[in-house]
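K.L.:
A predicted structure for the sequence below; I have some questions about it.
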Amino acid sequence: MPDDTSLSEAETTGSQEVGQHSLPMPPPGGHLSPLDEHGMTGDAKSQARIVLGRFFHQRLAVIGVCTFATLGVSALLVGIFWTYSYTDITNNLNTPPSWSDPFGTNSIGSDMFSLVMHGTIKDIQIALLVAAMATLVGSTIGAVAGFYRGWVDSLLMRLVDLILVVPILAVLIVLAHIVAKQANNWFFLAIIIGALSWTYVARLVRADFLSLRERDFVEASRALGASNTRLIVRHMLPNAIGPILVNATITVAQSIVLESTLSFLGLGIQAPDVSLGLLVSQGQDSATTEWWLFVFPVVFLVILILSIFLMGDGLREAFDPKKVKTRA
Amino acid sequence: MTSPSLEFEDLEVDFPTKDGIVRAVRGVSCSLESGQVLGIVGESGSGKSVTALAAMGLLPRNAIVRGSVRFKGRELLGLKEKEYSDVRGTGIGMIFQDPMTSLNPVYSIGWQIAEAVRAHQSVSKEEALLEAVRLLKTVGIPNPEDRVTDYPHEFSGGMRQRVVIAIAMANNPDVILADEPTTALDVTVQAQVLASLKLALTETHAALLLITHDLGVIAGLADRVLVMYAGRSVEMGSVDDIFYRPAMPYTHGLLGSLPRLDSDGSERLRPIPGSPPANAGEHQGCPFAPRCPRRAAICEEQEPELTLVPGPEGAEPHRAACHFAEEVSQAEPGKLFAISSGDPEAGPVR
């Protein structure tokens, strides 16, 4: 147990480094728990804080976060508070944007504003589920392959190759067709898209693990009696968190695109549920006459994907150790 | 009753490679009594680190290990990973060469020490962190209460190595293996790190296996010394034996290639010519013979065994693997080799 003597020594050495520690040393007899130590030394420098700090130093990344958050929150609020629900059908057919219907109405009298907002929610929902699944599965498989190498690695990576060489759209269309008629098919869609997009994460994590496993600290932890599972989960995965997170954001954006593609082809989300892709597909015929049916979903789709890419870019920059510029 | 803490017996380690089998360690036997410091010296590639890693069970999986390594009488070779976990950390701690890479960059050092503590002891996180502070204080990190939340990149090399020492002693191991603990460090901080290491030893009463190619470190810390060359132990004895009565020409060569504080400064260093054999096992005879000034016909034919060298009365056994051990031990330490032939001021080569 550190006692008073340890403290007085800490004080004397501390006073020599006044420049470094602007905060006073804890008084003798004061609590010593390093967890709740005076804020400065501990939390301020934690890795997550550093990364977040660098992230929010980039204007584009901040714009991305704000846009995404605004889009998500407002879409949720609209779903709850807006006059019309996306399932409501009115007698106002094909009316252009007005105060009561800001995005106009479609040919069966549904309010486009609530439709677009609901589509946005659905897209985010699918994309997050896909990204979560793909990241979880991909990281696990990549980590196991990179850590154990040998035949485990060969087996898993050939599986990855197998999935990568399959034309993804063709498989998606076939699979999506099977689940197209299911109720709540967004969930199955997410699983299908997820099952096809974990391969990139797996390759990335494997590559990272191949280099990490040779690092001394892994050997050192093993010399301390850490088991393989502990090494992988506690020591190595946190070192690969950068690429994993960046890739997760890309997966989010990609799965929105994929879902929109499927919906556009009529194999994605099925009415009465909506997604942005479905709305685009429904509005394309009348793009020149009833422009609001086409333009609003497209604009929202673009903004959504763009904001996610901006966040991904920001994360990549924030995790890049070679970026010294924003370090302080 | 008192079995040695760590005992190697006829340890042999082979690595199969594309060009045949590389015999990294060829029959090393030595023992480490509790509280003792055994230094292993030798050139790069002489099998020092492989010997230590064999005790830790950290050799690459393709390594072929024969012989026996016993920790407190318990055979370590062939232990399953799971069984090894109780030995690693609690029984044998290890200090690695490069403190820049042996700490995990994404965790605070307090976390890492606490992790080591909690790996083997059931204590709360808070207690483990307090223990981390105590350990940091023991190894001489100033302001341990503040530094415990810092990350490895915020420490200098010497401080990091002290953190590594703190981690190695976290579970009170009976044996600490230090694989070139000062090699990656600045000369000025080496002394501090060695002092921390000494403190760690007094604190834990652990035995230390100190691997280094720095004879100065050995002289300062070790009780007994094992000299390795080409995967074999070529000389073993007390520090005094090795430094004042070396009985193997290689040890003479090591001593002669070091500058001495007590010389008048006009003396030139005497390096060992040539380089160690790439794969010693394949050749007949003494592996050091091609570089040895004392070689004779027998050296090319027969590899000498470790044999007892007669020394002063009552001294610890001193063994050397040389056909002319007794004669060599009479020579003045370090003066067996010629002054470098490439040196224009050295005069004509003998």
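P.N.:
Ah, there it is.

K.L.:
for the longest helix seen in chain A, buried residues please.
P.N.:
Using DSSP state H to define each element, chain A has its longest helix at helix A:112-148. Neighbour-count burial for helix A:112-148, counted by 16 or more other Cβ atoms under 10 Å in any protein chain shown, picks out A:112-131, A:133-135, A:137-147. C-beta coordinates here come from the backbone N, C-alpha and C atoms, glycine included.

K.L.:
where does chain A dip in pLDDT?
P.N.:
Scanning chain A for pLDDT under 70 picks out A:1-46, A:321-328.

K.L.:
let's see that with 50 instead.
P.N.:
A:1-44, A:325-328 (pLDDT under 50).

K.L.:
check chain B too.
P.N.:
B:1, B:346-350.

K.L.:
next up, the contacts around the most centrally placed residue in it.
P.N.:
By Cα atoms, centre = their mean, the mean C-alpha position of chain B lies nearest to residue B:211, the distance being 1.3 Å. By Cβ atoms under 8 Å, 6 or more residues apart in numbering or on different chains, the contact list for residue B:211 reads B:39, B:40, B:48, B:49, B:51, B:52, B:177, B:178, B:179, B:180.

K.L.:
residue A:71 too?
P.N.:
Going by Cβ under 8 Å, 6+ apart, residue A:71 touches A:120, A:124, A:300, A:303, A:304, A:307.

K.L.:
which residues does stretch B:48-55 contact?
P.N.:
B:6, B:8, B:11, B:13, B:24-25, B:28, B:40-42, B:59, B:63, B:65, B:69, B:71, B:76-77, B:92, B:94, B:177, B:179-180, B:209, B:211, B:213, B:228.

K.L.:
can you do 7 Å?
P.N.:
B:6, B:8, B:11, B:13, B:24-25, B:28, B:40, B:42, B:59, B:65, B:69, B:76, B:92, B:177, B:179, B:209, B:211, B:228 (Cβ atoms under 7 Å, 6 or more residues apart in numbering or on different chains).

K.L.:
ok but residue B:23 is inside a strand, no?
P.N.:
Yes: assessed with DSSP: H, G, I helix; E, B strand; the rest coil, residue B:23 lies in a strand.

K.L.:
you'd agree it is up against residue B:230?
P.N.:
No: with contacts counted by Cβ atoms under 7 Å, residue B:23 stays clear of residue B:230, the gap being 8.8 Å.

K.L.:
so for the two, which sits in the more crowded spot?
P.N.:
More crowded of residue B:23 and residue B:230, by other Cβ atoms under 10 Å in any protein chain shown: residue B:230, with 26 against 20.

K.L.:
what ranges do the strands span in chain B?
P.N.:
Using DSSP state E, the strands of chain B run over B:6-17, B:20-32, B:37-41, B:64-71, B:74-75, B:92-95, B:175-179, B:207-212, B:224-229, B:232-238, B:307-308, B:319-320.

K.L.:
between the longest one and strand B:175-179, how many degrees?
P.N.:
Orientation of strand B:20-32 against strand B:175-179 (axes from the mean of the first three to the mean of the last three Cα atoms, to 10 degrees) gives an angle of 140 degrees.

K.L.:
in the contacts of residue B:211, find the pair that's most separated.
P.N.:
The span of those, defined through Cβ to Cβ, is set by B:39 and B:49 at 13.7 Å.

K.L.:
look at the two and report which has more neighbours.
P.N.:
Of the pair residue B:39 and residue B:49, residue B:39 is the one with more neighbours under other Cβ under 10 Å, namely 26 against 22.

K.L.:
can I assume that one is in contact with residue B:227?
P.N.:
No: the criterion here is Cβ under 7 Å, and residue B:39 misses it with residue B:227 at 9.0 Å.

K.L.:
which bits of the stretch 101-250 of chain A sit near chain B?
P.N.:
A:215-217, A:219-220, A:222-227, A:235, A:238-239 (Cβ under 7 Å from any Cβ of the partner chain).

K.L.:
which of these count as buried?
P.N.:
Buried among these by 16+ other Cβ under 10 Å: A:215-217, A:219-220, A:222-227, A:235, A:239.

K.L.:
buried residues, the helix ranked longest in chain B. List them.
P.N.:
Scanning chain B for the longest helix, with DSSP H as the assignment, gives helix B:187-204. Buried residues in helix B:187-204, counting neighbours by 16+ other Cβ under 10 Å, are found at B:189, B:190, B:192, B:193, B:194, B:196, B:197, B:199, B:200, B:201, B:204.

K.L.:
and stretch A:99-113, by the same measure?
P.N.:
A:101, A:103, A:104, A:105, A:106, A:109, A:110, A:111, A:112, A:113.

K.L.:
repeat that for stretch B:30-46.
P.N.:
B:30-33, B:36-43, B:45-46.

K.L.:
now, the most widely separated pair of those?
P.N.:
So, the buried residues of stretch B:30-46 by Cβ to Cβ: farthest apart are B:33 and B:45, at 28.2 Å.

K.L.:
what about whichever residue of the stretch 251-350 of chain B sits closest to chain A, distance to residue B:83?
P.N.:
Residue of the stretch 251-350 of chain B nearest chain A, by Cβ to the nearest Cβ: residue B:278 (23.5 Å). Distance of residue B:278 to residue B:83, given as Cβ to Cβ, to the nearest Å: 36 Å.

K.L.:
repeat for residue A:222
P.N.:
Remark: distance between residue A:222 and residue B:83 (Cβ to Cβ) = 14 Å.

K.L.:
picking up where we left off before, any idea which of the buried residues of stretch A:99-113 is closest to chain B?
P.N.:
Nearest to chain B, judged by Cβ to the nearest Cβ, of the buried residues of stretch A:99-113 is residue A:113 at 45.3 Å.

K.L.:
would you turn the residues of the stretch 101-250 of chain A next to chain B into CSV with secondary structure and distance to residue B:87?
P.N.:
Converted to CSV, these look like this (DSSP: H, G, I helix; E, B strand; the rest coil; distance: Cβ to Cβ, whole Å):
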residue, secondary structure, distance to residue B:87
A:215, coil, 23
A:216, helix, 20
A:217, helix, 20
A:219, helix, 16
A:220, helix, 15
A:222, helix, 12
A:223, helix, 10
A:224, coil, 11
A:225, coil, 8
A:226, coil, 13
A:227, coil, 13
A:235, helix, 20
A:238, helix, 26
A:239, helix, 26
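
K.L.:
can I get these in JSON lines with distance to residue A:276?
P.N.:
Below are those laid out as JSON lines (distance: Cβ to Cβ, whole Å):
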{"residue": "A:215", "distance to residue A:276": "44"}
{"residue": "A:216", "distance to residue A:276": "49"}
{"residue": "A:217", "distance to residue A:276": "45"}
{"residue": "A:219", "distance to residue A:276": "50"}
{"residue": "A:220", "distance to residue A:276": "50"}
{"residue": "A:222", "distance to residue A:276": "49"}
{"residue": "A:223", "distance to residue A:276": "53"}
{"residue": "A:224", "distance to residue A:276": "51"}
{"residue": "A:225", "distance to residue A:276": "52"}
{"residue": "A:226", "distance to residue A:276": "47"}
{"residue": "A:227", "distance to residue A:276": "46"}
{"residue": "A:235", "distance to residue A:276": "41"}
{"residue": "A:238", "distance to residue A:276": "35"}
{"residue": "A:239", "distance to residue A:276": "37"}
